[in-house]
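*Asks:* below: sequence and its predicted model.
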Amino acid sequence: MGKNKTMVTEFILLGFCLGPGIQMLLFGLFSLFYAFTLLGNGVILGLISLDSRLHTPMYFFLSHLAMVDIAYACNTVPQMLVNLLNPAKPISFAGCMTQTFLFLTFAVTECFLLAMMSYDRYVAISHPLRYSIIVSWRVCITLVLTSWACGSLMAMIHVSLMLRLPFCGPREINHFSCEILSVLKLACADTRFNLVVIFVASVFVLVGPLCSVLVSYTRILFAILRIKSGEGCRKAFSTCSSHLCVVGLFFGSAIVTYMAPKSRHPEEQQKILFLFYSFFNPMLNPLIYSLRNAEVKGALRRALCKESHSQLE
């Protein structure tokens with residue numbers, strides 16, 4: 001009975017089922033967004049590494065967030081751009097599994113980093129005198145290493161469970177990357193256990209950090225309300241609201257994808273939601289968390305002034 005089954009060695013990513021003209025428009029638009037993502041996060045990494053005034057716990061977390069966002073984009077966007085130009089170009093089975101592993105690693109790591117950054121801001125605003133003791137360098141390094149370790153471990157568990165499944169056809173993934181739910185639909189076996197593991201992991205990886213972020217920003221809000229300066233209160237509200245919008249976009253789209261009941265057209269919804277938490281979010285993060293920050297603007301001005309002086313000499 002199993003003799004006629006042949007194992008899949010490559011997949012076809014269907015991407016966006018649109019006309020050639022629309023696909024070329026998306027190619028140009030996504031290429032521009034990709035360049036902005038790399039440029040914005042690259043500038044943040046460069047400024048933090050070059051300017052000693054930014055060698056603080058907050059910017060230490062931001063540097064790792066920038067690294068995750070660059071890795072995120074480099075893992076999925078080039079393949080998506082290739083698919084827009086040549087939809088029939090296949091991706092190998094090993095390449096697909098590698099892309100899934102890296103995507104899950106970066107996604108889980110970012111979830112924990114966002115939670116840690118919100119806690120860091122809470123301590124800085126609510127307990128400024130004890131900040132250096134609570135958020136010491138030892139604590140920062142431990143938290144970041146834990147984030148990366150949890151991301152790698154979670155990804156390894158999901159990919160290992162997926163590799164135990166037989167893939168004997170069809171080989172067309174209705175997505176523009178090897179997103180785990182879309183790949184599982186092609187397995188020639190019961191995937192209910194994999195889906196249960198994904199749901200349980202989502203509770204730990206998505207709901208847990210999101211609750212932590214909400215608790216931290218709620219406490220920050222109460223601390224802001226005690227600020228007597230109207231201008232200071234307004235700026236703090238503006239910063240926190242923009243942070244919460246980006247966090248809500250990231251966690252909200254991911255929760256709907258991996259935890260909400262599926263609708264009649266889950267594939268098309270998943271593609272759009274995937275763009276939010278894997279493409280738009282990495283592009284927005286440097287703008288919201290860093291480039292609007294006065295300290296980062298000052299570091300950028302100092303770097304540009306230093307460059308102009310060196311050219312004059």
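*Replies:* That came in fine, so what should we check first? Since the structure is predicted, the reported quantities are computational estimates derived from the model, not experimental observations.

*Asks:* for the stretch 151-300 of the chain, which spans come out with low pLDDT?
*Replies:* Counting by pLDDT under 70, the ranges of the stretch 151-300 of the chain that qualify are 227-239, 261-266, 291-292.

*Asks:* can you give me the strands for it?
*Replies:* Remark: strands assigned in the stretch 151-300 of the chain by DSSP state E, counting those that start in this stretch are 172-173.

*Asks:* could you pull out the helices for it?
*Replies:* Assigned by DSSP state H, counting those that start in this stretch, the stretch 151-300 of the chain shows helices spanning 180-184, 192-202, 208-225, 230-259, 266-275, 281-285, 294-312.

*Asks:* I'd like the ones you listed as TSV, with distance to residue 161 and mean neighbour count appended.
*Replies:* (Glycine included, C-beta is placed from N, CA and C.) Shown next, in TSV, are those (distance: least, C-beta to C-beta, whole Å; neighbours: other C-beta atoms under 10 Å):
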stretch	distance to residue 161	mean neighbour count
helix 180-184	10	21
helix 192-202	5	14
helix 208-225	21	17
helix 230-259	15	16
helix 266-275	20	17
helix 281-285	26	24
helix 294-312	41	12
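
*Asks:* can you check which of those helices gets nearest to residue 120?
*Replies:* Checking the helices of the stretch 151-300 of the chain against residue 120 by C-beta to C-beta gives helix 208-225 as the closest, at 8.7 Å.

*Asks:* who does the strand or helix carrying residue 81 touch, helix- and strand-wise?
*Replies:* Per DSSP states H and E, residue 81 falls inside helix 57-85. Using 3 or more C-beta pairs under 8 Å, 6 or more residues apart in numbering; DSSP states H and E as the contact test, the elements touching helix 57-85 are helix 20-50, helix 93-126, helix 137-163, helix 281-285.

*Asks:* name the helices or strands packed onto the shortest one?
*Replies:* Spelled out, that is helix 281-285. Helix 281-285 packs on helix 20-50, helix 57-85, helix 230-259, going by 3+ C-beta pairs under 8 Å, 6+ apart.

*Asks:* quick one: those helices as CSV, columns for distance to residue 282 too.
*Replies:* As requested, those are arranged in CSV below (distance: least, C-beta to C-beta, whole Å):
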stretch, distance to residue 282
helix 20-50, 5
helix 57-85, 4
helix 230-259, 9
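
*Asks:* figure out which of the helices of the stretch 151-300 of the chain is closest to residue 157.
*Replies:* helix 192-202 (7.1 Å).

*Asks:* so the closest one versus helix 93-126, what angle?
*Replies:* Here the directions of helix 192-202 and helix 93-126 differ by 20 degrees (axes from the mean of the first three to the mean of the last three C-alpha atoms, to 10 degrees).

*Asks:* helix 192-202 - contacts with which helices or strands?
*Replies:* Judged by 3+ C-beta pairs under 8 Å, 6+ apart, helix 192-202 is in contact with helix 137-163, helix 180-184, helix 230-259.

*Asks:* contact partners of it?
*Replies:* 154, 157-158, 161-162, 165, 180-181, 184, 254-255, 258-259 (C-beta atoms under 8 Å, 6 or more residues apart in numbering).

*Asks:* then stretch 133-141?
*Replies:* So stretch 133-141 is contacted by 57, 60-61, 120, 123-124, 127 (C-beta under 8 Å, 6+ apart).

*Asks:* from these, pick the one nearest residue 143.
*Replies:* Distance to residue 143 across the contacts of stretch 133-141 (C-beta to C-beta) is lowest for residue 61, with 8.1 Å.

*Asks:* nearest residue to that closest one other than its sequence neighbours?
*Replies:* Residue nearest to residue 61 in three dimensions, not counting chain neighbours: residue 117, with 4.8 Å by C-beta to C-beta, 6 or more residues apart in numbering.
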